[in-house]
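K.L.:
Provided below for reference: sequence and predicted model.
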Amino acid sequence: MRSETVHSDITVIGGGLSGVCAAVAAARLGSKVALVQNRPVLGGNSSSEIRVWVCGATGHGVNRYSRETGIMGEMFLENQYTNPEGNPYYWDIIVLETVRNEPNIQLFLNTDVHEVETDTDGEDQKIRSVTGWMMGSERRIRFESPVFLDCSGDGLIGFLAGAKFQLGREAKHEYNEAWGQEVADDIQLGSTLLFYTKDVGFPVKYVAPSFAKDITQTPIPMQRVIQSGDSGCFYWWIEFGGEMDIAHDNESIRDELQSVIYGIWDYIKNSGNYQADNLTLEWVGNLPGKREYRRFIGDYVYNQNDIEGQVEFEDRVTFGGWSIDLHDPKGMYGEVGSKHLQPKGIYHIPFRSLYSVNVPNLLFAGRNFSATHVAFGGTRVQGTCATMGEAAGTAASLCVLKGVSPRELHRSHLQELQMTLLRQDASMIGLSLPIEGNLAPLAKVSASSTMDVIASERPDQAFKLHTDLGFTFPVDPSLGTIELLLDVDAPTVLEVEVWDTGRGENYIPATLQTRDEIRLEPGTGKWATFLLPWEPGRPQNAFVIIKENPLVSVHLSTQPVSGVLTYVREKGLNVERGIEGLDPNEPVVMWNMKSVLRKVICFRAATAAYSPDKTTDGFLRPYAGPHMWASQPMQPGGNEWLEFAWDSEVTVQEIQLVLNDDVNEDLINLHHHRTPFEIMPQLVKDFSIQVKEVDAWTEIYRESGNRRRMVKCQVPAVQATQLRIVVESTNGGERAEVSEVRIF
């Protein structure tokens, strides 16, 4: 046996997406990081060992403009390009490369940490070191650092260090939660095993193993959806263990799950109820995907009221959006699969829920963060866990840099933490802070052209108004008229309403602001003008409702316009399989985008929402408007540019661009659904940066073939009073679009 000690600034235990993002965030800020994972691959539940889709705040497209950015966003975009088929092994590579690309990370795979040493710090226990055994290498490794992150999911490290935690379901009175229990209990969400099938093109027999369960003797065939062509997370409901100890009973839980998988496959192959002759089992999981176990207690315990109220915490550091999604304790043998509570939009997560209330150098992220069982039902999905990890890793690095505890960081350096997260394009909504050293807001910003009228004028599809149709677009500074392109079958009256959305992060009708109705005569392809005066006093989105009228058809264009979304008011539930149980009366569910995704109602309206100065307002993503500059449609061979001019000479060394990658587009790592493109079309592809010297522009930077959202352009120090970003082409979008520019 070989014993060794690893010294680092930060030790991250757990190589799931929360641990990966924590380690990468800290490493990019200069901290030396030891990332320790007890499996041979990174990715946790998303890895090829378990294969759970990486879902997040989009809720499979229920929430608008809510896809994660930052490190998780980088991996989404890279996977979209390099892994369009959703191969789970290619996803492993993307996660591994994300870590290996950081020289400040030492990666320890197959290393199971199960020893913790602590020092007494007043009334608390401070972690001194953790020790693990590297399987297959006979190495006993001790990890020492001033700060530790428990991203292990089960929370073993914090538990061994004496960190306070919760298990099971709280009583209603503890946090005044409507979905709390009358009496607290130990019930948790169960674990799941998944399987993949493959059509081999010729008949394949299946002989069930002796331990396969006869599912006809269970409630499963009557209460669950079984289809021969389904694989992976479509079988999320193969769940068990909620009434057991998820950790200690892990082996027996796995055995029960496997017996049911092989029994389901026997039922599909041999019952005669399915056309499955040519199908074979390609892969069956052996490692249960755990949903829940210990939840640590932080300085704040996140709860149901925070999600429903979309509380804008002063110390918010990321956001979620998945519905509160709680399952039957009996899992696959229960009467119902899941129940959901869908808030009106995304919800904010505070930093105080990411560090321990009693272990002063312990942070955590992922499914073990400080939340009640009910709130955990929404925050437990991997995309949200990943963004918590980035926030916790960023905080850990600042703690090391300043020599403070996480609590002290919250008390004395909160704005710096949030500013640092914004600087790295982390997942935050509705927060704008001045970035130290940024010269861009000091400049006068102009552009070659600007989209000052939203004009979607190229019809591709007629949509008869058999139900209300809605669309959102930015109103800045006011609204006067809206023109709609219509087909009218017979004389009729059409009514149009304008509503606000209540909050900048919401995309549902909240309060009626104005309405108009006009009489229409029969005709095809005619523009109708509606008088809809509204001066909201601040830029925000309008939610326009075109009322149901089967005598009228509106036109839809397949040419998207950034900042504009279309919705159909569903008369019945119509959501993707996999999140059954959403309340169809919730506005965010009722106004559904799925049938009109990437389609825009043909309309015309004036706006100043895309002006060049939006690139210096500090908002990196849509919030009460698109917060970007958009040019007029680019002409073949023509360029569009943004120009920054200062009254006196400045020194420029780095330019950071945040480009539009349409965070409304819902991406899933294993492609629960596919997009028709491998690179976001709106992303700027080829551009240069120039400074003006005397009377000529000199190029100081060039980028070709870009497919990233955030581009950091390092240049030799140069003196300038004028700087231009020249966009030469995009990846398919018709306009040059830039969300934010920072110049250092």
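P.N.:
That came through fine. Numbers count the residues shown, from 1 in each chain.

K.L.:
my read: residue 338 touches residue 332, true?
P.N.:
No: in this structure residue 338 lies outside contact range of residue 332 using CB atoms under 8 Å: 11.7 Å. C-beta coordinates here come from the backbone N, C-alpha and C atoms, glycine included.

K.L.:
The two: which is more packed in?
P.N.:
Higher neighbour count among residue 338 and residue 332: residue 332, with 24 against 21, using other CB atoms under 10 Å.

K.L.:
mind checking the SS state of the more buried one?
P.N.:
helix (DSSP: H, G, I helix; E, B strand; the rest coil).

K.L.:
List the residues that contact it.
P.N.:
Residue 332 sits next to 218, 220, 224, 237-240, 260 when contact means CB atoms under 8 Å, 6 or more residues apart in numbering.

K.L.:
mind redoing it with 7 Å?
P.N.:
Going by CB atoms under 7 Å, 6 or more residues apart in numbering, residue 332 touches 220, 224, 237-240, 260.

K.L.:
can you pull out the strands in the stretch 601-744 of the chain?
P.N.:
603-606, 629-630, 640-659, 684-693, 696-703, 710-730, 737-743 (DSSP state E, counting those that start in this stretch).

K.L.:
So which of those is nearest residue 495?
P.N.:
strand 603-606 (15.5 Å; CB to CB).

K.L.:
elements contacting the closest one?
P.N.:
Identification of packing neighbours for strand 603-606 by 3 or more CB pairs under 7 Å, 6 or more residues apart in numbering; DSSP states H and E yields strand 453-455, strand 479-488.

K.L.:
in the helix or strand following the first one, what counts as buried?
P.N.:
In the C-terminal direction, the helix or strand that comes right after strand 453-455 (DSSP states H and E) is strand 461-465. Taking 16 or more other CB atoms under 10 Å as the neighbour-count basis, strand 461-465 is seen to contain the buried residues 463, 465.

K.L.:
other SSEs contacting strand 461-465?
P.N.:
strand 549-557.

K.L.:
which strands and helices sit next to the strand it packs on?
P.N.:
strand 461-465, strand 479-488, strand 492-500, strand 600-601.

K.L.:
Residue 245: which of the ones you listed is closest?
P.N.:
Here strand 492-500 is closest among these (CB to CB), at 49.0 Å.

K.L.:
and that closest one, which strands flank it?
P.N.:
Its sheet considered, strand 492-500 pairs with strand 511-520 (antiparallel), strand 540-546 (antiparallel) by DSSP bridges.

K.L.:
how about the helices in this protein?
P.N.:
Using DSSP state H, the helices found in the chain span residues 17-28, 70-82, 88-100, 156-160, 172-175, 220-223, 250-270, 304-308, 373-379, 382-402, 406-423, 587-590.

K.L.:
Same list, those, but as a markdown table with distance to residue 544 please.
P.N.:
Formatted as a markdown table, the helices of the chain follow (distance: least, CB to CB, whole Å):
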| stretch | distance to residue 544 |
| --- | --- |
| helix 17-28 | 38 |
| helix 70-82 | 30 |
| helix 88-100 | 39 |
| helix 156-160 | 49 |
| helix 172-175 | 38 |
| helix 220-223 | 41 |
| helix 250-270 | 47 |
| helix 304-308 | 27 |
| helix 373-379 | 29 |
| helix 382-402 | 30 |
| helix 406-423 | 31 |
| helix 587-590 | 15 |
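
K.L.:
So which residues make contact with stretch 392-409?
P.N.:
Outside stretch 392-409, the residues that reach it (CB under 7 Å, 6+ apart) are 9-10, 21-23, 25-26, 29, 31, 146-147, 149, 299, 351, 354-355, 360-361, 363-365, 413, 416-417, 420-421.

K.L.:
Buried ones from the residues you listed, can you make that a ChimeraX selection?
P.N.:
To isolate the buried ones among the contacts of stretch 392-409 in ChimeraX, judged by 16+ other CB under 10 Å, type:
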select :9,10,21,22,23,25,26,29,31,146,147,149,299,351,354,355,360,361,363,364,365,413,417,420,421
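
K.L.:
any weak-confidence spans in the stretch 301-450 of the chain?
P.N.:
Of all residues in the stretch 301-450 of the chain, none has pLDDT under 70.

K.L.:
And for the nearest residue to residue 455 once chain neighbours are set aside, the neighbour number?
P.N.:
Closest residue to residue 455 apart from its sequence neighbours, by CB to CB, 6 or more residues apart in numbering: residue 604 at 4.8 Å. Applying other CB under 10 Å, we find 16 residues neighbouring residue 604.

K.L.:
Residue 604 contacts residue 473, doesn't it?
P.N.:
No: taking contacts as CB atoms under 7 Å, residue 604 lies outside contact range of residue 473: 10.6 Å.

K.L.:
Common neighbours of the two, please.
P.N.:
residue 454.

K.L.:
which one of the contacts of residue 332 sits closest to residue 560?
P.N.:
Of all these, residue 237 has the smallest distance to residue 560: 34.7 Å, by CB to CB.

K.L.:
Find the nearest non-adjacent residue to the closest one, please.
P.N.:
residue 337 (4.9 Å).

K.L.:
pLDDT value on residue 576, please?
P.N.:
Each residue has a pLDDT score; the one for residue 576 is 45.

K.L.:
looking at the protein, which helix or strand is least sure?
P.N.:
Every helix and strand of the chain was ranked by mean pLDDT, DSSP states H and E. The lowest is helix 587-590, at a mean of 87.

K.L.:
buried set for that one?
P.N.:
Counting neighbours by 16+ other CB under 10 Å, helix 587-590 gives 587-590 as buried.

K.L.:
Could you single out the nearest of the residues you listed to residue 303?
P.N.:
For the buried residues of helix 587-590, the nearest to residue 303 is residue 588 (20.5 Å; CB to CB).

K.L.:
my read: the closest one touches residue 341, true?
P.N.:
No: applying CB under 7 Å, one finds residue 588 not in contact with residue 341, separated by 11.4 Å.

K.L.:
Could you report the neighbour count for the closest residue to residue 491 other than its chain neighbours?
P.N.:
The spatial neighbour of residue 491 that comes closest, neighbours along the chain excluded (CB to CB, 6+ apart), is residue 521 at 5.8 Å. Residues within reach of residue 521, counting by other CB under 10 Å, total 9.

K.L.:
Also residue 432?
P.N.:
Neighbours of residue 432 (other CB under 10 Å): 14.

K.L.:
That one: what's it in contact with?
P.N.:
Contacts of residue 432 (CB under 7 Å, 6+ apart): 617-619.

K.L.:
go again using 10 Å as the cut-off
P.N.:
Taking CB atoms under 10 Å, 6 or more residues apart in numbering, we find residue 432 in contact with 422, 617-620, 623, 627, 740.

K.L.:
correct me, but residue 298 touches residue 315?
P.N.:
No: with contacts counted by CB atoms under 10 Å, residue 298 stays clear of residue 315, the gap being 11.0 Å.

K.L.:
Between these two, which is the more surrounded one?
P.N.:
Using other CB under 10 Å, the more surrounded residue of residue 298 and residue 315 is residue 298, with 26 against 19.

K.L.:
For this protein, give me the ranges with low pLDDT.
P.N.:
In the chain (pLDDT under 70), the answer is 572-582, 584.

K.L.:
Walk me through the domains of it.
P.N.:
The domain map for the chain lists 2-168+347-423, 191-284, 440-447+611-743, 453-606, with the assignment taken from automatic domain parsing.

K.L.:
burial measure for the nearest residue to residue 663 once chain neighbours are set aside, as a count.
P.N.:
Excluding the flanking residues, the one nearest residue 663 by CB to CB, 6+ apart is residue 67, at 4.4 Å. Applying other CB under 10 Å, we find 25 other residues in the vicinity of residue 67.

K.L.:
List the contacts of residue 67.
P.N.:
So residue 67 contacts 56-58, 61, 73, 76-77, 321, 383, 427, 621, 661-667 (CB under 10 Å, 6+ apart).

K.L.:
And it, how close does it get to residue 509?
P.N.:
23 Å (CB to CB, to the nearest Å).

K.L.:
check contacts around residue 521.
P.N.:
488, 490-492.

K.L.:
right, I mislabeled it, should have said residue 518
P.N.:
484, 492-496, 528-531.

K.L.:
could you redo the last one with a cut-off of 7 Å?
P.N.:
Residue 518 neighbours (CB under 7 Å, 6+ apart): 494, 528, 530.
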